[in-house]
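A.B. asks: Below: sequence and its predicted model.
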Amino acid sequence: MLSTLQPPRSLTLLPFRRFHGSKTIASLASSSPTLDASSVSPPQSQILTTRRSLLSGETTASEIAKSYLSRIRLTEPQLKCFLHVSENVLKEAQEIDQRISRGEGVGPLAGVVIGVKDNICTEGMPSTAASRILEHYRPPFDATAVKKIKEMGGIVVGKTNMDEFGMGSTTEASAFQVTANPWDLTRVPGGSSGGSAAAVAANQCMVSLGSDTGGSVRQPASFCGVVGLKPTYGRVSRFGLMAYASSLDVIGCFGSTVADAGMLLHAVSGYDRFDSTSSKQDVPEFESQSLSMDSFESKPLKGVRVGLIRETLEEGVDSGVRSATQEAASHLEALGCLVTEVSLPSFSLGLPAYYVIASSESSSNLSRYDGVRYGNQVMADELNKLYECSRGQGFGGEVKMRILMGTYALSAGYYDAYYKRAQQVRTLIRKDFKAALDHNDILISPAAPSAAYKIGEKKDDPLAMYAGDIMTVNVNLAGLPAIVLPCGLVEGGPSGLPVGLQMIGAAFDEETLLKVGHIFEQTLKGSGFVPPTLPNVA
Amino acid sequence: MAATRALLAAISACPRRRMGIKSSNFSSSLQFQRQESRIIARSFSSYTNSSSLPDISCLAETARISLTPAEIEECEPKIRQVIDWFGQLQQVDVNCVEPAIRAEMEGRNLREDAPQTFENRDSIRASIPSFDETYLKVPKVLNKE
């Protein structure tokens, strides 16, 4: 039973502030935020804590790894975050311990336990994109992001559950299992990176990788009460990320703190010759933004211009989400920000434009899954029949639907009316964001119109499902970076459900997002969101 | 669909975009109706001529995906509903607007067109369902005529 679980005793994490969820947002919103350092300590970086405790000899990578594996074994029957748990975790941890004992250097992610979304290739480990068509597929190579993690000493603990090929917003479209939200086991964790988000929320791993095409890192971060970071398009190599929509896909990071998400992003960022869309822009040292609260001035964000997107607080958004966002804006003001309302006139066009583009590009990208070179094959007498049966039996319903919609939108006579037109709308959206960010350092909005849905609630209504992406898709169309961090709770579940604040930055300006996000998080009263169904961290 | 259209008669028109004129808020592209704790999205009024709505069987053949009659029956109304919803983009004035293929790129970022041998070819071969020495085995191709 979850209530009898003991926390990993070998971890020397500083105590998180446990947020005892209240029925309304009022208890969080009513008190004005303070920078009183004598109050309960804010959440601490697990990456930095692990590094310190390994190098000081306080603990070993093997002890840490054993405790996380034990926690996964105990919580997985209820949560189902992982499609595969690595058999090499202890071996890799022992190698790190041996290097430390020999006085050899170890990388900045040494001993850090990391989950990886199952559409990111990991050599020798199954990578299925949660699809039957790739059920037994083991890639012959690591994705560049995974290669970098391993080079820095990170331990990939397993592959996390997701909506099949990234097509979904609840993780219910996985061909294999449905992941539960650690805050309420009857609710979804969000999607498509639901497994990665839930695994961090449940402390099954310290950080995780996801992918974000239309919000698939940010929305589950909001639903699970963790930090989700979507980088600028091109910041992180997509080599080894199974393509869904190539002009929109990025690899993103989850952590329990902004600092952890930032350090993971730094680890996986950078130009890659295997991805012609990867950027040669310098990668800043994001860790330097993670200042201690003791060093904060009284108005640490003085002069930072924040634009609250007006269209995201209108009809259709849950009232609790609206309140949480407005309170977050007040908190930013108290920290010294200049918060004004901005309008993005093309905002409402983003959702249909996104789904035209994503469906169209996915219909092309998924044509490679034909049962010939890899994946499950259904033998037939004739080649076209082999393709049709392998794909018909290998793909799930949502994937088939999106491929068919994309095929339609790209077909002769309709290409200009749908795909080209959606690309033109993308230009309008990019211009609106650029205009707003010329006058603001960041923009803010809710991450989703509501908190987590009940499992099964949206499954049969595609438009209802798509509607939940309204806050996130425009950012992908514009290729901008964004971070979501928990800012409050709304009614629902045993003790409330988390909601996230989305901050959007200018292209390649993840530094500002991480700086603002870190200070916001460290000064937010009631921060340290821990699901109530899980045991306290000692 | 008839019930949806009746509901949509009361919904404000989709955003009409002219350069420099603000559009309506996001809820005008998807009208949200709360029923208890559920949010139900309704598609906008139909912009798509019914004769141009997709033939699912033809699309499935083009996409090389076999669908059972039950699957066609289940997905056809959903696909048509979504394609109908896509139609609101027709109302947007995109005159003189260049299509954006992706986010802004820094310039040509190409490598030399020089092949390199992958070092782990055995691992690639291990993934091939039907392999015979140097060949991937597939059934014959039959002309449909």
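C.D. replies: Everything's here; your move.
A.B. asks: alpha carbons only for contacts and neighbour counts from here, please
C.D. replies: OK.
A.B. asks: What residues does the stretch 401-538 of chain A have near chain B?
C.D. replies: Within the stretch 401-538 of chain A, the positions lying close to chain B (Cα under 8 Å from any Cα of the partner chain) are A:401, A:403-405, A:407-408, A:417-418, A:420-428, A:457, A:461-464, A:467, A:470, A:477-479.
A.B. asks: all strands for chain B, in order.
C.D. replies: Taking DSSP state E, the strands of chain B run over residues B:31-35, B:38-42, B:131-132, B:135-136.
A.B. asks: who touches the nearest residue to residue A:180 once chain neighbours are set aside in this structure?
C.D. replies: Once flanking residues are discounted, residue A:180 sits nearest to residue A:79: 4.8 Å by Cα to Cα, 6 or more residues apart in numbering or on different chains. By Cα atoms under 8 Å, 6 or more residues apart in numbering or on different chains, the contact list for residue A:79 reads A:179, A:180, A:181, A:182, A:185, A:198.
A.B. asks: Looking at these, which are in helices?
C.D. replies: Judged by DSSP state H, helices contain the following of these: residue A:198.
A.B. asks: Check the contacts of residue A:79 and tell me the two furthest apart.
C.D. replies: Put simply, by Cα to Cα the two of these set farthest apart are A:185 and A:198, 10.7 Å from each other.
A.B. asks: okay, now residue 91: neighbour count?
C.D. replies: With no chain named, the answer covers chain A. Using other Cα atoms under 10 Å in any protein chain shown, residue A:91 has 13 other residues around it.
A.B. asks: ah, no, chain B please
C.D. replies: Quick note: residue B:91 (other Cα under 10 Å) scores 14 neighbours.
A.B. asks: any idea how far residue A:357 is from it?
C.D. replies: Residue B:91 is 17 Å from residue A:357, where distance means Cα to Cα, to the nearest Å.
A.B. asks: follow-up on the earlier one: ok, of the contacts of residue A:79, which one's closest to residue A:51?
C.D. replies: Nearest to residue A:51 among the contacts of residue A:79, with distances taken as Cα to Cα, is residue A:198, at 23.6 Å.
A.B. asks: what about the helices in the stretch 151-300 of chain A?
C.D. replies: A:194-201, A:218-224, A:258-268 (DSSP state H, counting those that start in this stretch).
A.B. asks: What does the pLDDT read for residue B:25?
C.D. replies: Looking at residue B:25, its pLDDT stands at 39.
A.B. asks: I meant to write residue A:498 there.
C.D. replies: So, for residue A:498, pLDDT stands at 97.
A.B. asks: Which strand or helix spans it?
C.D. replies: strand A:497-505 (DSSP states H and E).
A.B. asks: can I have that strand written out in PDB, keeping just the CAs?
C.D. replies: What follows is strand A:497-505, C-alpha atoms only, in PDB (Å, rounded to 0.1, in the frame of the first residue of the first chain):
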ATOM      1  CA  LEU A 497      -5.200  19.100  -7.700                       C
ATOM      2  CA  PRO A 498      -2.200  21.100  -8.900                       C
ATOM      3  CA  VAL A 499      -2.300  23.700 -11.600                       C
ATOM      4  CA  GLY A 500       0.700  25.200 -13.400                       C
ATOM      5  CA  LEU A 501       1.700  28.600 -14.500                       C
ATOM      6  CA  GLN A 502       3.200  28.800 -18.000                       C
ATOM      7  CA  MET A 503       5.900  31.300 -18.700                       C
ATOM      8  CA  ILE A 504       6.900  31.900 -22.300                       C
ATOM      9  CA  GLY A 505      10.200  33.500 -23.400                       C
END
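A.B. asks: That strand - contacts with which helices or strands?
C.D. replies: Strand A:497-505 sits against helix A:218-224, helix A:319-334, strand A:442-446, strand A:482-490, helix A:510-523, with contacts defined as 3 or more Cα pairs under 8 Å, 6 or more residues apart in numbering or on different chains; DSSP states H and E.
A.B. asks: coming back round to it: residue A:185 and residue A:198: who's more crowded?
C.D. replies: Neighbour count, other Cα under 10 Å: between residue A:185 and residue A:198, residue A:198 has more, with 34 against 17.
A.B. asks: got the contact list for the more buried one?
C.D. replies: A:79, A:81, A:179, A:180, A:181, A:182, A:189, A:220, A:224.
A.B. asks: Of the residues you listed, which qualify as buried by neighbour count?
C.D. replies: A:79, A:81, A:179, A:180, A:181, A:182, A:189, A:220, A:224 (16 or more other Cα atoms under 10 Å in any protein chain shown).
A.B. asks: now the fifth one: how far from chain B?
C.D. replies: Distance, residue A:181 to chain B, by Cα to the nearest Cα, to the nearest Å: 18 Å.
A.B. asks: for the first one, same thing?
C.D. replies: Noted for residue A:79: a distance of 24 Å to chain B, by Cα to the nearest Cα.
A.B. asks: Now list the buried members of the residues of the stretch 401-538 of chain A next to chain B.
C.D. replies: A:401, A:403-405, A:407-408, A:418, A:420-428, A:457, A:462-464, A:467, A:470, A:477-479.
A.B. asks: pLDDT below threshold where in chain B?
C.D. replies: Low-confidence segments of chain B (pLDDT under 70): B:1-52, B:105-108, B:143-145.
A.B. asks: So which residues of it form helices?
C.D. replies: Under the criterion DSSP H, helices of chain B are mapped to B:2-8, B:56-62, B:69-86, B:121-126.
A.B. asks: Residue A:54 is nearest to which of those?
C.D. replies: Here helix B:121-126 is closest among these (Cα to Cα), at 35.4 Å.
A.B. asks: Report whether the closest one contacts chain A.
C.D. replies: Yes. For a cut-off given as Cα under 8 Å from any Cα, helix B:121-126 has contacts with chain A, namely B:123, B:124.
A.B. asks: What would that helix look like as CSV? C-alpha coordinates only.
C.D. replies: Provided in CSV are the C-alpha atoms of helix B:121-126 (Å, rounded to 0.1, in the frame of the first residue of the first chain):
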residue,chain,number,x,y,z
ARG,B,121,24.8,-3.0,-38.6
ASP,B,122,24.1,-6.3,-36.9
SER,B,123,21.8,-4.5,-34.5
ILE,B,124,19.9,-3.0,-37.4
ARG,B,125,19.6,-6.4,-39.1
ALA,B,126,18.3,-7.9,-35.8
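A.B. asks: Name the residues of the stretch 201-350 of chain A found near chain B, please.
C.D. replies: Residues of the stretch 201-350 of chain A lying close to chain B (Cα under 8 Å from any Cα) are A:233, A:247-248, A:273, A:276-277, A:279, A:311-312, A:314-316, A:345-349.
A.B. asks: Setting aside sequence-adjacent positions, which residue approaches residue A:485 most closely?
C.D. replies: Once flanking residues are discounted, residue A:485 sits nearest to residue A:227: 4.6 Å by Cα to Cα, 6+ apart.
A.B. asks: ok, now which ones touch that neighbour?
C.D. replies: Here residue A:227 is in contact with A:218, A:221, A:254, A:255, A:256, A:257, A:258, A:261, A:483, A:484, A:485, A:486 (Cα under 8 Å, 6+ apart).
A.B. asks: Could I get the pLDDT score of it?
C.D. replies: Here, the pLDDT recorded for residue A:227 equals 98.
A.B. asks: what is it paired to in the beta sheet?
C.D. replies: residue A:255 (DSSP bridges).
A.B. asks: how much space between it and residue A:499?
C.D. replies: Distance from residue A:227 to residue A:499, by Cα to Cα: 11 Å.
A.B. asks: So for the two, which residues contact both of them?
C.D. replies: residue A:486.
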